[in-house]
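Dropping the sequence and predicted coords here.
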Amino acid sequence: MDKVIEAESLVKIYKTKDIEVLALQGLDLVIERGEIMAIIGNSGSGKSTLLNMIGGLDKPSAGKLFVDGKDLFKLREKELVDYKVSTVGFVWQNNARNLIPYLTAIENVMMPMQFNRKKIKNKRERAMELLELTGMSKRAKHRLNQLSGGEQQRIAIALALANHPAVLLADEPTGSVDTRTTEYILDMFRSVNKELGTTIVIVTHDREIAKKVERVVAIRDGKTSSEFIMSYAEKLAGIEGFGQIEYAVLDRAGRVQIPRNFLDKMNLENNRLHIHMDDDGRVILSAPDAVAETEQGN
């Protein structure tokens, strides 16, 4: 397996004069090259913090983080600039952060190529290829005020791909468009992934969007809590949104987070769970009261 992103025991602490916030608490994550996946979590779970660190916009406090073979703890300032230009591409929810309004679509897509130390020949040709890929070649000479929100987002995807990034990071990319446009953008991500082999990481709070990809990682309280994987049979059949199996994630310290909906149903009076292994080698967690009732029944 070729790992393009690997995080191990990743910690991020934000400090102010009066408070200290632990945004990531020993997070572990591996993403394979060429994968298209989603990261979900409620507000404050740490998903945006993780995205910013993968993108080189924020520095981890502790742990390990490698992206495309680069150790983000060891990159010097100049290397970090090159990393943000050529290794990762960004698609933000707010198009004002993605695009420059006084430039045309093609000028926007060409713009990041000017900062790439690996000179790209025929920049205009490269930009037109990407606009063609995203279905926006006929809007090449239009400015932002002549384009819809969905069209702007498609141009933002083309721009993010301009310097052949190993990883495309999308932060709530469908948060400001309607359902029809959301479906189109997700189809586009799949097309880009298939045509270019670009690894795509989508950060979202929308579980319906997450159902459109093969793998989903859920983050809670600064740690990976569970993963949803599409079943192999349905993957072959091209079925989306069904058969995603949820797996609890065991971290390197042997800890596991129980999904919140399970905990609510168990109605625990304290934080203790009974753990044992059955004859088939399956580990079973149960509330103490349930164990006592089973023993009394025997």
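Sure thing, it's come through.

chain center to stretch 133-141, what's the gap?
Centroid displacement of stretch 133-141 relative to its chain, using CA atoms, centre = their mean, to the nearest Å, is 26 Å.

Any regions of the chain where pLDDT drops low?
Counting by pLDDT under 70, the chain contains low-confidence residues at 1, 210, 231-244, 289-298.

Let me see the ranges of the helices in it.
Applying DSSP state H to the chain gives helices spanning 47-54, 77-86, 95-98, 105-110, 123-133, 149-160, 179-196, 207-210, 232-237, 260-266, 288-297.

how about these in TSV, adding mean neighbour count and distance to residue 61?
The C-beta positions use only the backbone N, C-alpha and C, and glycine is treated the same way. Formatted as TSV, these follow (neighbours: other CB atoms under 10 Å; distance: least, CB to CB, whole Å):
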stretch	mean neighbour count	distance to residue 61
helix 47-54	23	10
helix 77-86	15	16
helix 95-98	15	25
helix 105-110	24	35
helix 123-133	17	36
helix 149-160	24	27
helix 179-196	16	31
helix 207-210	16	28
helix 232-237	11	37
helix 260-266	12	26
helix 288-297	11	37
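
Make JSON lines out of those and add distance to residue 276.
Putting the helices of the chain into JSON lines (distance: least, CB to CB, whole Å) gives the following:
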{"stretch": "helix 47-54", "distance to residue 276": "34"}
{"stretch": "helix 77-86", "distance to residue 276": "47"}
{"stretch": "helix 95-98", "distance to residue 276": "51"}
{"stretch": "helix 105-110", "distance to residue 276": "58"}
{"stretch": "helix 123-133", "distance to residue 276": "54"}
{"stretch": "helix 149-160", "distance to residue 276": "49"}
{"stretch": "helix 179-196", "distance to residue 276": "42"}
{"stretch": "helix 207-210", "distance to residue 276": "32"}
{"stretch": "helix 232-237", "distance to residue 276": "30"}
{"stretch": "helix 260-266", "distance to residue 276": "16"}
{"stretch": "helix 288-297", "distance to residue 276": "8"}
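
Which among the ones you listed is found nearest to residue 171?
Proximity to residue 171 (CB to CB) singles out helix 47-54 among the helices of the chain, at 5.7 Å.

for the helices of the chain, which one sits closest to residue 226?
helix 260-266 (9.9 Å).

what comes into contact with that closest one?
With contacts defined as CB atoms under 8 Å, 6 or more residues apart in numbering, helix 260-266 is touched by 220, 273, 286, 287.
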